[in-house]
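Asker: Got a sequence here, can you build the structure:
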Amino acid sequence: MTPLAKRKAAVFTLTPGKYKLYGGGTKRWGDIETGMNKIRIAVIGIGNCASALIQGIEYYKEESPRELIGLMHWQIGGYRPGDIEVVAAFDIDERKVGRTISEAIFQPPNCAAVFNPHIPAGGA
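Answerer: This is a model prediction of the structure:
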């Protein structure tokens with residue numbers, strides 16, 4: 001195994017949407033060797049916070065930075081709201097188990113404000 005200092009790694013800078021490699025050179029975030037350009041998350045507990053998060057991801061996904069109210073920063077580290085993808089969700093409440101994320105986030109006892117009722121069946 002090579003020492004940590006000799007491994008190929010990215011040095012993250014504050015330049016929006018870019019990173020620098022050891023040894024020089026600059027690439028866009030979508031060009032990272034893994035080819036991953038999404039932030040994939042799993043949610044444990046489909047309660048009010050998860051409901052607001054998933055509604056927000058879907059709401060801001062199609063908006064432009066000029067039309068947004070409610071976000072402090074449209075882009076962080078080159079990632080935008082539409083780059084977040086919910087890939088798994090877990091809950092133990094029988095009212096939510098076996099449902100899609102788009103159904104589970106609106107089930108009782110959740111009481112978060114519904115500001116985006118149009119969540120695709122696959123989730124955010």
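Asker: Quick check: phi and psi on Glu103?
Answerer: Geometry field for Glu103 lists phi and psi as phi -90, psi -40, criterion degrees, to the nearest 10.
Asker: residues contacting it?
Answerer: By Cβ atoms under 8 Å, 6 or more residues apart in numbering, the contact list for Glu103 is empty. Every residue, glycine included, has its C-beta placed from N, CA and C.
Asker: same check, this time on the one 10 residues further on
Answerer: Ala113 makes contacts with Ala52, as judged by Cβ under 8 Å, 6+ apart.
Asker: can we see that at 10 Å?
Answerer: Contacts for Ala113 were tallied using Cβ atoms under 10 Å, 6 or more residues apart in numbering; they are Asn48, Ser51, Ala52, Gln55.
Asker: Surely the first one touches Val114?
Answerer: No. Asn48 sits out of contact with Val114 when judged by Cβ atoms under 10 Å, with a separation of 11.0 Å.
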